[in-house]
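Novice: My questions concern the predicted model and sequence given below.
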Amino acid sequence: MNHFATTWRRAIGVAAVAGISLLAVTAAMATDVKVWAWDTNFNGAAMREAAARYSKDHADVTVTIDDSMSQDDIRAKLQTQLLAGNTEGLPDIVLIQDDVAQKYLQSFPGAFVPLSDSGIDMSAFAQYKVAAATLDGKSYSLPFDSGVTGLFYRSDYLADAGYKAEDLQDIDWDKLIEIGKAIKAKTGHNLFGLDLNGSGLIRVMMQSAGAWYFNADGSLNVEGNAPLKAALETYAKLWAADIVKPVSGWTDFTGAFTSGDTVGTIDGVWMTATVKSKPDQAGKWGVAPIPKLAGVEGATHYSNEGGSSWYVLSSGPSKDAAVDFLKTTWGGDKDFYQKILVGQGAFSTWLAASAGDAYKSSDDFFGGQAVWQNFSEWQAKIPSVSYGTFTAEVDSAVVAQLPAIAKGGSVDDAIKAIAEQATTQMQ
C-alpha cells in the first residue's frame, strides 16, 4: 500500500467518524415539541398547518401532533396526571376549552407557563379570550378559535313574511320573537330548534349582558343574577310563542335548519361550515347580530359560544421551543390565519388577522355578505366574563330546570333550584 493510499483511507476514516459525530450532535440538538389536541379535521389540521410553516425556518424543531384523542380523554389524562404529580408523557402544548381553563389554572398552580411573561402581546387578541386564561394578572394561553355568535337565518323565509335584513339589526329578543311568530304564520316554519338537554342558548344570552354563573371572586352568581333570569324568561317566551321545534341531539339540532325546517339558529361562528353544507341553499342565508336581552342593564348584541386555546406545560422538556413556536405562528403570522380560515373555517381571535384578504371577502352563500368581517367586528365587542371553576356543574343544574321552564313553570322557582343544586355540587 503506497503512502498516498494509506493517507487517503485514513482521511476517509476520520471524515466518517466526524460525520457520525456530527449526526449525533445534530440529533442531540433536534427538538421535538409534542402537542395534544382533539378533532383532527379542525384543531389538528390547523396545528399541522402552523407546524409546516414554522419548520421552514426552524429545521431543528419537529412539532408532533397527537389529535387522536377526544376532548374528554385529554381532560381525563391531564387531570389524572397533574393530580398525581406525574408529568411523564404529558405534552409540551395542550388544547383546553376556554370555559374549563380556570379549573386547571387554579387547581394546579405552576403547571402552565404564563405566556404573557414570554413576549407574547396579549393586547393583540380578543380580550374576552385573554380574560378566560388570566389568573392573578398573568395570562396563560395563546388564544385560538373564536366562538363569536351570530343569528344565522333564512333570508328567503324572512322576505316571505315581509321583512328585510335591516329588520334584524339592533333588536331585542322580544322583537325577534314577534318576527318569528309572523314568519311561522306566513310560512309555517318554526324559528329555532331547541334541545332541552342543552344550555348553550342560556349561556349566550347571559354573556351578551356581561354576566356568568360566577362573580369575579369565584362565588356563585345565580340568585340575583339579572341577565340569567332574563335569559330563562326569554327561553320560556320562545316556547310559549310556539315557534320552537323540539330536537334531541346534535344531528337533530343541525338538521332542523340545514333541512330548511326552521328559520335558522343562534350559534358560534364555527357553525358557518354546517350552515353551508347544503349548496342548493346558496344565496338564501344571512347572518345578523344576536338580539339583546330586553330591559337588562349592559345588554349587548355580542356573545360567545365555545372556543379553545393553547397552553404550554411547565414540565414540558421542549417548553421554550413550544413558546417560540406559538409566538411565531399563532401570535404573528397573518397569512397563516387566512389559510386556516379558508381551509378549516377556524376564525381567529388574533385581531390583526381580520385585516387579511380572506376576512374581507364576501360570501355568495350569504347573499354577498362580508360575514367574516361582520364576525370580526362583533368579536371585538364581546363582554368578558369569569368562567370560574364549576361551569359544568352549574350547567347541569340549569339543564335540569329547562323542561319545567319550557312548559311554563316558574322561573323564580327554577333559579332557586339551580342555586341549591349548584351549591351542593360545588362542595
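Specialist: Okay, I see it. Numbering: from 1, shown residues only.
Novice: residues of stretch 357-376 that come out buried?
Specialist: By neighbour count, and taking 16 or more other Cβ atoms under 10 Å as the criterion, the buried residues in stretch 357-376 are 358-359, 363, 365-367, 369-372, 374-376. In short, each C-beta sits where N, CA and C put it, glycine included.
Novice: ditto for stretch 91-107
Specialist: Across stretch 91-107, burial judged by 16+ other Cβ under 10 Å covers 91-105.
Novice: and which of these is nearest to residue 390?
Specialist: For the buried residues of stretch 91-107, the minimum distance to residue 390 (Cβ to Cβ) is 7.8 Å, reached by residue 103.
Novice: what's the closest non-adjacent residue to the closest one?
Specialist: Of all residues beyond its chain neighbours, the one nearest residue 103 is residue 389 (4.2 Å), with distances taken as Cβ to Cβ, 6 or more residues apart in numbering.
Novice: can you tell me the helix or strand for that neighbour?
Specialist: With elements delineated by DSSP states H and E, residue 389 resides in a region that no helix or strand encompasses.
Novice: how many other residues sit next to it?
Specialist: Other residues near residue 389 number 18, with proximity taken as other Cβ atoms under 10 Å.
Novice: Lowest-scoring secondary structure element of the protein by mean pLDDT?
Specialist: Taking all helices and strands of the chain together, the one with the lowest average confidence (mean pLDDT, DSSP states H and E) is helix 3-29, at a mean of 41.
Novice: Show me the shaky parts of the stretch 1-150 of the chain.
Specialist: 1-29 (pLDDT under 70).
Novice: Pick out the most distant pair among the buried residues of stretch 91-107.
Specialist: It's 92 and 99 that sit farthest apart of the buried residues of stretch 91-107, by Cβ to Cβ, at 23.3 Å.
Novice: Next step: the buried residues of stretch 91-107 restricted to strands.
Specialist: Secondary structure assignment by DSSP state E places 93, 94, 95, 96, 97 of the buried residues of stretch 91-107 in strands.
Novice: Just give me the neighbour total for the nearest residue to the third one once chain neighbours are set aside.
Specialist: Of all residues not flanking residue 95 in the chain, residue 37 sits nearest, at 4.2 Å (Cβ to Cβ, 6+ apart). Burial measure for residue 37: 27 neighbouring residues, criterion other Cβ under 10 Å.
Novice: what sits against residue 37?
Specialist: Shown in contact with residue 37 (Cβ atoms under 8 Å, 6 or more residues apart in numbering): 43, 44, 47, 65, 66, 67, 74, 94, 95.
Novice: helices or strands up against the helix or strand encompassing the fourth one?
Specialist: With elements taken from DSSP H and E, the one containing residue 65 is strand 61-66. The helices and strands touching strand 61-66, judged by 3 or more Cβ pairs under 8 Å, 6 or more residues apart in numbering; DSSP states H and E, are strand 31-36, helix 45-55, helix 319-325.
Novice: Can you list phi and psi of residue 263 for me?
Specialist: Dihedral angles of residue 263 (phi, psi; degrees, to the nearest 10) stand at phi -70, psi -40.
Novice: could you measure it against residue 87, distance?
Specialist: When distances are taken as Cβ to Cβ, to the nearest Å, residue 263 and residue 87 turn out to be 50 Å apart.
Novice: of these two, who's got more company?
Specialist: When residue 263 and residue 87 are compared for neighbours, residue 263 comes out ahead with 28 against 15, by other Cβ under 10 Å.
Novice: That one touches residue 157, doesn't it?
Specialist: Yes - the pair residue 263 and residue 157 qualifies as a contact (Cβ atoms under 8 Å) at a distance of 5.2 Å.
Novice: ok, residue 282 - how many residues close by?
Specialist: Neighbour count of residue 282, defined by other Cβ under 10 Å: 13.
Novice: Quick check: closest non-adjacent residue to residue 73.
Specialist: Distances taken as Cβ to Cβ, 6+ apart place residue 38 nearest to residue 73, at 7.8 Å, with adjacent residues excluded.
Novice: what do you get for residue 253?
Specialist: What sits nearest to residue 253 in space, not counting adjacent residues and going by Cβ to Cβ, 6+ apart, is residue 247, at 4.7 Å.
Novice: what's the residue positioned nearest the centre of the chain in contact with, if anything?
Specialist: By Cα atoms, centre = their mean, the chain has its centre lying nearest to residue 307, at 0.9 Å. For residue 307, the contacting residues are 97, 98, 129, 144, 145, 146, 147, 268, 349, by Cβ under 8 Å, 6+ apart.
Novice: Show me those residues that map onto strands.
Specialist: Using DSSP E to define strands, the subset of the contacts of residue 307 located there is 97, 268.
Novice: And residue 325, what's its pLDDT?
Specialist: At residue 325 the predicted local confidence, pLDDT, stands at 98.
Novice: Now do residue 387 against residue 69, distance only.
Specialist: Here the distance between residue 387 and residue 69 works out to 23 Å (Cβ to Cβ).
Novice: sorry, that was for residue 290
Specialist: Applying Cβ to Cβ, the value for residue 290 to residue 69 is 33 Å.
Novice: for residue 199, same thing?
Specialist: Remark: distance between residue 199 and residue 69 (Cβ to Cβ) = 25 Å.
Novice: Of those two, which one has the most company?
Specialist: Between residue 199 and residue 69, residue 199 has the larger neighbour count (other Cβ under 10 Å), namely 22 against 15.
Novice: Pull the contacting residues for that one.
Specialist: Contacts for residue 199 (Cβ under 8 Å, 6+ apart) come out as 395, 398, 399, 402.
Novice: Okay, and which of the residues you listed map to helices?
Specialist: 395, 398, 399, 402 (DSSP state H).
Novice: and the spatially closest residue to residue 292 that is not a sequence neighbour, what is it in contact with?
Specialist: Once flanking residues are discounted, residue 292 sits nearest to residue 299: 4.1 Å by Cβ to Cβ, 6+ apart. Counting by Cβ under 8 Å, 6+ apart, residue 299 touches 172, 208, 209, 227, 230, 292, 293.
Novice: Of the residues you listed, select the buried ones using a ChimeraX command.
Specialist: A single ChimeraX command is used to select the members of those judged buried by 16+ other Cβ under 10 Å:
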select :172,208,209,227,230,292,293
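Novice: Tabulate the contacts of residue 299 (CSV), appending secondary structure.
Specialist: Below are the contacts of residue 299 laid out as CSV (DSSP: H, G, I helix; E, B strand; the rest coil):
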residue, secondary structure
172, strand
208, helix
209, coil
227, helix
230, helix
292, strand
293, coil
